[in-house]
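Novice: Sequence first, predicted model second:
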Amino acid sequence: MNRRPGLSARLKLTISYAGFLFVAGAVVLAVVWVFLLRHVPDNDQGLLGISPNRHVLLMVFTPAAASALAFLLVFGLLGGWLLAGRMLAPLTRIADAARRASNGSLSHRIRMEGRKDEFRELADAFDTMLEQLESHVTEQRRFAANASHELRTPLAISRTLLDVARNDPTRDQGELVERLHVVNTRAIDLTEALLLLSRSDRGSFTREPVDISLIAEEATETLLPLAEQRGITLDVTGETTQTAGSAPLILRMVTNLVQNAIVHNLPAGGAVTVHTESQHGASVLRVENTGHPLPPELVPTLTEPFRRGTERIRTNEHAGAGLGLAIVHSIVRAHDGTLDLTPRPTGGLLVTIRLPGNPQPSRQDP
């Protein structure tokens, strides 16, 4: 639907100012007429200068009044145009920033100075929005590039293995099938992790009461064989604590934490402790493990997608894609919680998650 171009805001304000001055002037002249001129007698004595005469006064007053109204109209148009332009200048800067953003330039900022008024608040809010959009777009581009790189690797390996098998028919087919199976499993796991990360980022899930202590027990039972295989002691302590959220997502969150704590641990004799409790109206989950010391500057980067610590162990049994803690962080954020990573002085990591508590309804005695 095509719409005809309308009047600009500046022209509308100009017409409004001029119209207001014109009406105000007309009202003043009407007041003069009502309360002054109509009480002047209309006789011929005024021609001899003996007494005021309404006819003469009208002849003198009318041209002067018309000139005054014309002056007010012109003055209102010119003054209103300049005043409206000055008042709407901040909107012009905001509109220019919006046009730049629509063309893909998110680095521009308005940075309006002066006293804090409605336009200043609008400009500051727009700058904040641009900053968040730029950060989000940069993160998405980096994530897409890393995801493409990670997915390209298993596909390239599969292609190489197939080329080798085609060029060497005498090669052991069983070994080829096993290696293809490992590579394809890794690609499938990575794709599922990407989909889960996208789902948790959108927050598209139904909230329901979830007992984190039961989730912790389920996750540790699932990963107990892995812990026993690596000689890791796995311990679950704490009390019943509930939150509101998605049980499958929270299960994946706890599973990723415990799995990371097992894999990134000491070669032998390590330990992992999972603790749940209610604290100040929040549901708290702590996962602590032994391991190699982590540099403090490395810890804040562990929740970024596809980031792996330089000192972290990566074995063939668990060739992670660097999405474990990124998924944890995304799930915690989607549940309005907080994630805290603290390196232990003796080595290893302490992960503390706080989620909003879900108070259980009080039971009434029959």
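Specialist: That came in fine, so what should we check first?

Novice: pLDDT (mean, whole number) over stretch 131-147?
Specialist: Stretch 131-147 carries an average pLDDT of 75.

Novice: how far is it from where the chain is centred?
Specialist: When C-alpha coordinates are averaged (Cα atoms, centre = their mean, to the nearest Å), stretch 131-147 and its chain have centres 12 Å apart.

Novice: what do you get for stretch 340-348?
Specialist: With Cα atoms, centre = their mean as the basis, stretch 340-348 stands 29 Å off its chain's centre.

Novice: how long is it from one end to the other?
Specialist: One end of stretch 340-348 sits 14 Å from the other (Cα to Cα, to the nearest Å).

Novice: Contacts for it, please.
Specialist: Contact partners of stretch 340-348, identified using Cβ atoms under 8 Å, 6 or more residues apart in numbering, comprise 261, 265-266, 288-296, 299-300, 302-303, 325, 349-354. (Each C-beta comes from the backbone N, C-alpha and C, glycine too.)

Novice: buried subset of those?
Specialist: Buried members of the contacts of stretch 340-348, counted by 16 or more other Cβ atoms under 10 Å: 261, 265-266, 288-291, 294, 302-303, 325, 349, 351, 353-354.

Novice: contacts for stretch 211-222?
Specialist: With Cβ under 8 Å, 6+ apart as the criterion, stretch 211-222 contacts 234, 236, 238-243, 247, 250-251, 254-255, 258, 274, 276, 283, 285, 355.

Novice: Got a quick ChimeraX command for the buried subset of the residues you listed?
Specialist: Buried residues among the contacts of stretch 211-222 (16+ other Cβ under 10 Å), as a ChimeraX selection:
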select :234,236,238,241,242,243,247,250,251,254,255,258,274,276,283,285,355
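
Novice: and the contacts of stretch 211-222, which of them are in helices?
Specialist: 247, 250-251, 254-255, 258 (DSSP state H).

Novice: Need the residues you listed in JSON lines (columns: distance to Glu121 and pLDDT).
Specialist: JSON lines is the format used below for the ones in helices among the contacts of stretch 211-222 (distance: Cβ to Cβ, whole Å; pLDDT from 0 to 100):
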{"residue": "Ala247", "distance to Glu121": "42", "pLDDT": "87"}
{"residue": "Ile250", "distance to Glu121": "39", "pLDDT": "91"}
{"residue": "Leu251", "distance to Glu121": "43", "pLDDT": "89"}
{"residue": "Val254", "distance to Glu121": "42", "pLDDT": "93"}
{"residue": "Thr255", "distance to Glu121": "45", "pLDDT": "89"}
{"residue": "Val258", "distance to Glu121": "46", "pLDDT": "93"}
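
Novice: mind checking how far stretch 148-164 is from the chain centre?
Specialist: 35 Å.

Novice: Please apply the same query to stretch 337-355.
Specialist: Using Cα atoms, centre = their mean, the distance between the centre of stretch 337-355 and that of its chain works out at 24 Å.

Novice: What average pLDDT does it get?
Specialist: Averaged across stretch 337-355, pLDDT comes to 93.

Novice: And stretch 94-111, by the same measure?
Specialist: 82.

Novice: Looking at the buried ones among the contacts of stretch 340-348, which two lie furthest apart in space?
Specialist: Leu266 and Arg354 (27.7 Å; Cβ to Cβ).

Novice: domains for the chain, by residue range?
Specialist: Domain segmentation of the chain under automatic domain parsing yields 9-105, 134-202, 208-356.

Novice: where exactly do the helices run in this protein?
Specialist: Using DSSP H, the helices of the chain run over residues 9-35, 54-102, 118-167, 173-202, 212-229, 247-263, 324-334.

Novice: Can you add distance to Gly270 and give those back as CSV?
Specialist: Output for the helices of the chain, formatted as CSV (distance: least, Cβ to Cβ, whole Å):
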stretch, distance to Gly270
helix 9-35, 68
helix 54-102, 50
helix 118-167, 28
helix 173-202, 24
helix 212-229, 9
helix 247-263, 8
helix 324-334, 17
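
Novice: With distance to His136 added, can I get the ones in helices among the contacts of stretch 211-222 in CSV?
Specialist: Shown next, in CSV, are the ones in helices among the contacts of stretch 211-222 (distance: Cβ to Cβ, whole Å):
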residue, distance to His136
Ala247, 28
Ile250, 25
Leu251, 27
Val254, 27
Thr255, 27
Val258, 30
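
Novice: Out of those, give me the two with the largest separation.
Specialist: Among the ones in helices among the contacts of stretch 211-222, Ala247 and Val258 lie farthest apart (Cβ to Cβ), at 16.2 Å.

Novice: Return the residues in contact with Leu72.
Specialist: Contacts of Leu72 by Cβ under 8 Å, 6+ apart are 21-22, 24-25.

Novice: What pLDDT does the model give it?
Specialist: pLDDT recorded at Leu72 is 76.

Novice: From Ala65, how far out is it?
Specialist: Applying Cβ to Cβ, to the nearest Å, the value for Leu72 to Ala65 is 11 Å.

Novice: Next: Pro296.
Specialist: Computed as Cβ to Cβ, the Pro296 to Ala65 distance reads 82 Å.

Novice: Name the nearest residue to Gly231, sequence neighbours excluded.
Specialist: Spatial nearest neighbour of Gly231, excluding adjacent residues (Cβ to Cβ, 6 or more residues apart in numbering): Ala268 at 4.5 Å.

Novice: surely the one you found meets Thr233?
Specialist: No - under the criterion of Cβ atoms under 8 Å, Ala268 makes no contact with Thr233, lying 10.8 Å away.
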